[in-house]
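Peer 1: one predicted model, sequence on top.
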Amino acid sequence: MEFETKAIHEGQKPDPQTGAVIVPIYLTSTYQQEAIGQHKGYEYSRTGNPTRQALEDALAALENGKFGLAFASGLAATTTILSLLKTGDHIIAGDDLYGGTYRLLEKVVKNWGVTTTYVDIDQINDFETAIQPNTKLIWIETPTNPLLKIIDIAALAKLAHAHNLILVVDNTFASPYFQQPLNLGADIVVHSTTKYLGGHSDIIGGAVVTSNEELYQQLKFYQNAIGAVPSPFDSWLVLRGIKTLAVRMREHEKNALFLAKFLEQHPKVERIYYPGLPSHEQYHLAKSQMSGFGGMISLELKGGFDEVEKFASRLQLFVLAESLGGVESLLCYPAKMTHGSLPEKERLKRGIKDNLVRLSVGIEHYLDLQADLENSLVKISVKLLGHFSPSS
């Protein structure tokens, strides 16, 4: 079955009781039992809910996995995965990753007695060098947030399994439409369903998918024990978003590629990060493990924070806001927003400069988005060989 068909039908069969084509929202906390210890598959909605189950089945299908789990947020999903670890364990993580994940690892998980080593995302050998006797898990994003680096998932999976390690891939930026890490050897895939899977900036949610039944049973236990599950209504909203994921992702990518080519040539852009450009260092790797390049662009403006502030303040269509993956275009300033939890020295060391902005390219008309960016770029002044006036 092709992806578009899965997105509409998997986990979303008509309701057997009424024939309703759309999965009902089961707004119930508890369920009648026929006798003590005898129920119809559901007993309490933290443990299981029919609407959430439909979402979990759909998520598993989209990632070509066997088991899906839904959570109240992406960080709830991340926390549940990290609950597999115990005091004295060690994690290896890529050095370019979401600031909330870094905060969780450094401010919460470290208190459990679990340590993390961050390695250069561009160097597979550095992951092997970082392995310790107590290493249990490797955590990566690809494409990464916010520098859009690409990691060879298959090579890292081979390394992880040679050392009996769990490989977790955050697939939020690519979405299951453009990348399926389980097919490349990853053990667990994690998503913020807030982003592309939901797609409309109206829910907070997370997901975990795996084909490893032992890992699934452990994660299912922690999902229930920790209890950070989505409401039936939020589950239903993600299900609704999934139905149009394929068509939305194609539009996101079309717009992002057009804008990336435009920005790459702009005299006030110092550097652009987009894996769909041949100039990207991992362009060929991205082509080999992804079916598309996604809707995220990061760029460094010539100048510093003052220029970024002027640029952001003049945008009309790109909304200055946290998050990504919605149908509307957003601009984020990582240094003070998504990655504000990183100490300045650590942030700069990882390449997140004061002139870096991140664009979540929506599905508006690409010419309107280009005009919005151009109108803001031409009004900032920067010193190059000469001086750009506000009208340049």
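Peer 2: Yes, it's here. Numbers count the residues shown, from 1 in each chain.
Peer 1: where do the helices sit along this structure?
Peer 2: Ranges of helices in the chain, per DSSP state H, are 3-9, 50-62, 74-82, 99-107, 124-129, 153-162, 175-178, 213-226, 232-243, 245-264, 283-289, 305-314, 344-349, 366-377.
Peer 1: and the ones you listed, which is most packed in?
Peer 2: Most buried of the helices of the chain by mean neighbour count (mean count of other Cβ atoms under 10 Å) is helix 175-178; its value is a mean of 26. For glycine as for every other residue, the C-beta is placed from the backbone atoms N, C-alpha and C.
Peer 1: residues making contact with it?
Peer 2: Residues outside helix 175-178 that contact it (Cβ atoms under 8 Å, 6 or more residues apart in numbering) are 3, 62-63, 191, 195-197, 245-246, 249, 253, 290-294, 325.
Peer 1: so how far is L324 from the residue most central in space within the chain?
Peer 2: Per Cα atoms, centre = their mean, the C-alpha nearest to the average position across the chain is that of T172, at 2.0 Å. For T172, the distance to L324 equals 8 Å [Cβ to Cβ, to the nearest Å].
Peer 1: okay, and the common contacts of these two?
Peer 2: Counting by Cβ under 8 Å, 6+ apart, the shared contacts of T172 and L324 are K195.
Peer 1: in the sheet, who's paired with the closest residue to W139 other than its chain neighbours?
Peer 2: Closest residue to W139 apart from its sequence neighbours, by Cβ to Cβ, 6 or more residues apart in numbering: A93 at 4.4 Å. The partner list for A93 in beta bridges (DSSP bridges) reads Y118, W139.
Peer 1: A93 against T144, yeah?
Peer 2: No - with contact defined as Cβ atoms under 8 Å, A93 does not reach T144; the gap is 10.8 Å.
Peer 1: let me see the contact set for the spatially closest residue to V208 that is not a sequence neighbour.
Peer 2: Distances taken as Cβ to Cβ, 6+ apart put L69 closest to V208, at 4.6 Å, once the chain neighbours are dropped. By Cβ under 8 Å, 6+ apart, the residues touching L69 are 56, 59, 77, 80, 207-209, 216, 219-220, 223.
Peer 1: any idea how far V229 is from L69?
Peer 2: 9 Å.
Peer 1: ok, G68 next?
Peer 2: According to Cβ to Cβ, G68 and V229 sit 13 Å apart.
Peer 1: just L259 next, same as before
Peer 2: 37 Å.
Peer 1: then I166?
Peer 2: Taking Cβ to Cβ as the measure, I166 falls 22 Å from V229.
Peer 1: what about those two, which has more around it?
Peer 2: For I166 versus V229, neighbours defined as other Cβ atoms under 10 Å are more numerous around V229 (24 against 21).
Peer 1: hang on, the more buried one packs against R46?
Peer 2: Yes - in this structure, V229 is within contact of R46 by Cβ under 8 Å, at 5.8 Å.
Peer 1: in the protein, what helix or strand scores lowest on average pLDDT?
Peer 2: helix 344-349 (a mean of 90; mean pLDDT, DSSP states H and E).
Peer 1: what lies in contact with that helix?
Peer 2: Defining contact as Cβ under 8 Å, 6+ apart, one finds that helix 344-349 is touched by 335, 339.
Peer 1: would you put the C-alpha positions of that helix in CSV?
Peer 2: Only the C-alpha atoms of helix 344-349 are listed here, as CSV (Å, rounded to 0.1, in the frame of the first residue of the first chain):
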residue,chain,number,x,y,z
GLU,A,344,26.0,31.0,25.0
LYS,A,345,29.4,29.4,24.8
GLU,A,346,27.9,25.9,24.1
ARG,A,347,25.5,27.4,21.5
LEU,A,348,28.2,29.2,19.6
LYS,A,349,30.5,26.1,19.8
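Peer 1: ok, how many other residues are close to I121?
Peer 2: Here the number of neighbours of I121 (other Cβ under 10 Å) works out to 23.
Peer 1: can you tell me which residues contact the residue lying closest to it once chain neighbours are set aside?
Peer 2: Distances taken as Cβ to Cβ, 6+ apart place G94 nearest to I121, at 4.0 Å, with adjacent residues excluded. Contacts for G94 (Cβ under 8 Å, 6+ apart) come out as 118-119, 121, 139-141, 144, 149, 151.
Peer 1: closest one of those residues to H266?
Peer 2: For those, the residue nearest H266 by Cβ to Cβ is K149; the value is 22.0 Å.
Peer 1: does the closest one touch D95 like I think?
Peer 2: No - using Cβ under 8 Å as the test, K149 is too far from D95 to be in contact (9.4 Å).
Peer 1: now do the contacts for the residue nearest to the centre of the chain.
Peer 2: Contact analysis of T172 by Cβ under 8 Å, 6+ apart lists 74, 141, 145, 190-192, 195-196, 325.
Peer 1: dump these to CSV, plus pLDDT and distance to E300.
Peer 2: Listed next are the contacts of T172 as CSV, based on pLDDT from 0 to 100; distance: Cβ to Cβ, whole Å:
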residue, pLDDT, distance to E300
G74, 98, 26
E141, 98, 20
N145, 97, 16
V190, 98, 28
H191, 98, 28
S192, 98, 25
K195, 98, 23
Y196, 98, 24
G325, 98, 22
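Peer 1: name the residues that touch stretch 23-33?
Peer 2: Stretch 23-33 is contacted from outside by 11-12, 15, 18, 39-40, 42-45, 49-51, 54, 232-233, 236, 239, using Cβ under 8 Å, 6+ apart.
Peer 1: and it, how far out from the chain middle?
Peer 2: For stretch 23-33, the separation from the chain centroid amounts to 30 Å (computed by Cα atoms, centre = their mean, to the nearest Å).
Peer 1: list the buried ones in it?
Peer 2: For stretch 23-33, the buried set under the neighbour-count rule, 16 or more other Cβ atoms under 10 Å, comprises 23, 25-26, 31.
Peer 1: measure that stretch end to end?
Peer 2: Counting by Cα to Cα, to the nearest Å, you get 22 Å between the two ends of stretch 23-33.
Peer 1: tell me the mean pLDDT for it?
Peer 2: Taken as a whole, stretch 23-33 carries a mean pLDDT of 96.
Peer 1: change the start of the numbering to 588 and stick with it
Peer 2: New numbering, starting at 588: the last item is stretch 610-620.
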